[in-house]
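Participant: I need the structure of the sequence given here:
(one chain, ligands or ions: 1)
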Amino acid sequence: MERVTLDLLQATPFVETSQWHRAIGRAEASFESLKQETGPGSEWLGWRRILKNPDRELLARLDTHARQIREDSDLFIVCGIGGSYLGSRAVVEALAGSFPGDGPTILFAGHHLSGRYLQQLIDFLDREVRERGSRVSMNVISKSGTTLETALAFRTLRNWFDRVYGSDAPSRIVATTAPEGGVLNRLASQFGYQRYVIPNDVGGRFSVLTPVGLLPSGVAGIDTEALFEGARAVFLRLEAVPKPVLEHAALRYCLHEQGRAIDLISSFEPNLSALSGWAQQLFGESEGKSGNGLFPASISYTTDLHSIGQMVQQGRRNLIETILEVEEPLSGLVPGDGVSGEDGLDYLADTPYHEINRQALEGTVEAHREGGVPVIRVRLNRLDEGALGELIYHFELITAVYVYMLGQNPFDQPGVEEYKKAMYRNLGKGDA
Ligand code: PA5
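Facilitator: Numbering: from 1, shown residues only. Sure thing, here's the model as predicted:
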């Protein structure tokens with residue numbers, strides 16, 4: 001059963017048949033070199049290998065551990081940046097909802113350098129412990145172990161754990177990092193943190209289905225086995241019949257070739273904003289090389305129709321849109337009766353919000369397409385673990401295929417080093 005379908009009908013009319021056929025041929029060749037592991041960066045294909053040969057023991061250990069953390073934590077901090085936190089944030093926000101539920105509340109740190117945020121987090125933790133006896137645990141995630149944002153936040157938060165939990169602090173900390181070497185491995189050995197490994201052949205932004213994404217998701221109460229199996233099911237299906245991914249990649253390639261420069265990745269559900277953010281990184285860090293790539297911008301509708309809707313409708317015609325949709329109604333809530341009907345909304349009193357939102361989506365697609373913006377619609381049949389797992393792998397695969405079509409390595413990010421060099425120089429780091 002397909003849980004994610006692509007609707008390209010509002011985008012393909014922008015592409016000539018001859019261009020389309022050429023691009024499909026190129027996508028087929030790219031997919032083949034991915035399968036044969038002959039393309040650039042083929043030492044980074046672990047995100048496929050983990051689905052081909054799942055490590056069931058690891059998945060079971062993660063599940064048991066996540067349940068145990070759920071039992072003894074009220075707050076759970078995920079300390080990481082980029083690929084080391086965007087995936088878990090996407091899954092948690094999509095499936096666990098916008099507000100604290102009955103399990104631990106997931107908090108994020110280490111994803112920027114703001115002392116104000118970190119101070120506010122520490123003040124919040126202190127208040128929670130003091131006034132409600134909240135129990136706090138943390139998962140620090142960094143493959144390199146050297147990423148400044150994460151390493152600094154971890155240092156500060158470790159001090160907080162030491163202050164509050166004393167000799168028990170290490171038992172409340174889990175480290176997820178590369179198989180060997182690096183600061184986090186050293187600290188884990190020195191203090192006895194529980195440790196998970198990010199396989200050497202899995203890059204950060206492709207790591208959501210490893211302990212990087214699975215432990216925090218499990219702590220949030222998400223069925224990580226179903227998430228993983230959703231991804232594995234579509235992996236197996238697409239190995240045999242890759243058509244949806246080839247068409248998706250070919251379409252982006254044609255539109256890019258025509259001079260389109262920006263891909264607005266949106267949804268009409270606030271719970272999917274972090275998922276757009278994850279896709280933004282996956283696309284952006286993978287394809288933005290050698291002057292190539294569609295600039296991915298994660299936006300949220302209908303909210304942003306009131307901020308950049310004007311630009312999308314009538315600004316420079318260099319955009320495409322990717323809209324993440326959910327078919328099944330997520331709530332039956334209706335607006336309800338007004339007090340005296342004077343707000344003019346009685347005609348919507350019994351119409352579920354889902355239907356109102358759906359009509360907004362259909363209206364937006366129609367208006368934007370009429371305005372000259374090709375729209376790619378990615379539809380989940382429902383918002384659950386299986387469908388999300390499918391979507392995650394679909395996006396990983398389309399990224400790799402599309403970037404191979406551009407003739408580039410999807411799995412490195414050499415440009416990210418530039419700001420680091422300048423920052424370390426400014427900070428006076430010895431070997432910068
Ligand atoms: O996709 C990537 O490789 C990056 O976004 C990394 O995940 C990010 O830079 C964090 O790196 P690390 O996990 O080494 O701290």
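Participant: so which residues of the stretch 151-300 of the chain form strands?
Facilitator: Assigned strands in the stretch 151-300 of the chain, in chain order: 173-177, 194-197, 262-267, 295-300 (criterion: DSSP state E, counting those that start in this stretch).
Participant: what's the most buried one of these?
Facilitator: Highest mean neighbour count of the strands of the stretch 151-300 of the chain: strand 173-177, a mean of 26 (counted as mean count of other CB atoms under 10 Å). From N, CA and C alone the C-beta is placed, and that goes for glycine too.
Participant: tell me the residues of the stretch 151-300 of the chain that contact the ligand?
Facilitator: 203-205, 285 (CB under 6 Å from any ligand atom).
Participant: just put those in JSON lines and tack on pLDDT.
Facilitator: Putting these into JSON lines (pLDDT from 0 to 100) gives the following:
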{"residue": "G203", "pLDDT": "97"}
{"residue": "G204", "pLDDT": "97"}
{"residue": "R205", "pLDDT": "98"}
{"residue": "E285", "pLDDT": "97"}
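Participant: quick one: which of these is nearest the ligand?
Facilitator: The closest of these to the ligand turns out to be G204 (CB to the nearest ligand atom; 2.1 Å).
Participant: hang on, isn't the closest one packed against S88?
Facilitator: No. If you go by CB atoms under 8 Å, G204 and S88 don't touch, sitting 11.9 Å apart.
Participant: identify the contacts common to these two.
Facilitator: V212 (CB atoms under 8 Å, 6 or more residues apart in numbering).
Participant: ok, the two, which is more surrounded?
Facilitator: Remark: of G204 and S88, S88 carries more neighbours, 30 against 26, as counted by other CB atoms under 10 Å.
Participant: burial count for the residue lying closest to the more buried one once chain neighbours are set aside?
Facilitator: Excluding its sequence neighbours, the residue lying closest to S88 (CB to CB, 6 or more residues apart in numbering) is P216, at 3.8 Å. Around P216 there are 31 other residues, counting by other CB under 10 Å.
Participant: same deal with R127?
Facilitator: 11.
Participant: what does A66 give?
Facilitator: So A66, with other CB under 10 Å, has 24 neighbours.
Participant: is it correct that it falls within a helix?
Facilitator: Yes. Under DSSP: H, G, I helix; E, B strand; the rest coil, A66 falls within a helix.
Participant: nearest spatial neighbour of it, skipping sequence neighbours?
Facilitator: Leaving out its chain neighbours, the residue that sits closest to A66 by CB to CB, 6+ apart is G218, at 2.7 Å.
Participant: quick one, strands of the stretch 301-432 of the chain?
Facilitator: Assigned by DSSP E, counting those that start in this stretch, the strands in the stretch 301-432 of the chain fall at 319-326, 375-380.
Participant: cool, the stretch 1-150 of the chain as well?
Facilitator: 4-7, 75-79, 105-109, 136-141.
Participant: so which of those strands gets nearest the ligand?
Facilitator: Among these, strand 136-141 sits nearest to the ligand (CB to the nearest ligand atom), with 6.4 Å.
Participant: could you list the paired strands of the closest one along with their orientation?
Facilitator: Taking DSSP bridges as the criterion, strand 136-141 forms sheet pairs with strand 75-79 (parallel), strand 173-177 (parallel).
Participant: dump it to CSV, restricted to CA.
Facilitator: Provided in CSV are the C-alpha atoms of strand 136-141 (Å, rounded to 0.1, in the frame of the first residue of the first chain):
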residue,chain,number,x,y,z
VAL,A,136,15.4,15.8,33.3
SER,A,137,17.4,13.7,30.8
MET,A,138,19.5,14.6,27.8
ASN,A,139,20.7,13.1,24.5
VAL,A,140,23.7,14.9,23.1
ILE,A,141,24.1,14.1,19.4
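Participant: give the burial count for T351, as a bare number.
Facilitator: Counted by other CB under 10 Å, the residues lying close to T351 total 13.
Participant: closest point of the stretch 301-432 of the chain to the ligand, which residue?
Facilitator: In the stretch 301-432 of the chain, the residue found nearest to the ligand is Q413; the distance is 5.9 Å by CB to the nearest ligand atom.
Participant: so who does that residue touch?
Facilitator: E285.
Participant: am I right that Q408 is in contact with G288?
Facilitator: No. Contact criterion CB under 8 Å: Q408 and G288 do not qualify, at 9.3 Å.
Participant: these two - which one has more neighbours?
Facilitator: Q408 (20 against 17).
Participant: nearest spatial neighbour of that one, skipping sequence neighbours?
Facilitator: Closest to Q408 by CB to CB, 6+ apart is K289, at 5.0 Å.
Participant: any idea how far that neighbour is from N409?
Facilitator: 8 Å (CB to CB, to the nearest Å).
Participant: just L251 next, same as before
Facilitator: Counting by CB to CB, the gap from L251 to N409 is 22 Å.
Participant: what is the burial count for the residue nearest to A66?
Facilitator: Neighbour tally, G218, other CB under 10 Å: 27.
Participant: so what's it up against?
Facilitator: Neighbour list for G218: 62-63, 65-67, 70, 224 [criterion: CB under 8 Å, 6+ apart].
Participant: likewise for A96?
Facilitator: By CB under 8 Å, 6+ apart, the contact set of A96 is 103, 106, 220-222.
Participant: output the contacting helices and strands for the lowest-mean-pLDDT helix or strand in the chain.
Facilitator: Lowest by mean pLDDT, DSSP states H and E among the helices and strands of the chain is helix 416-427, with a mean of 90. Here helix 416-427 touches helix 148-165, going by 3 or more CB pairs under 8 Å, 6 or more residues apart in numbering; DSSP states H and E.
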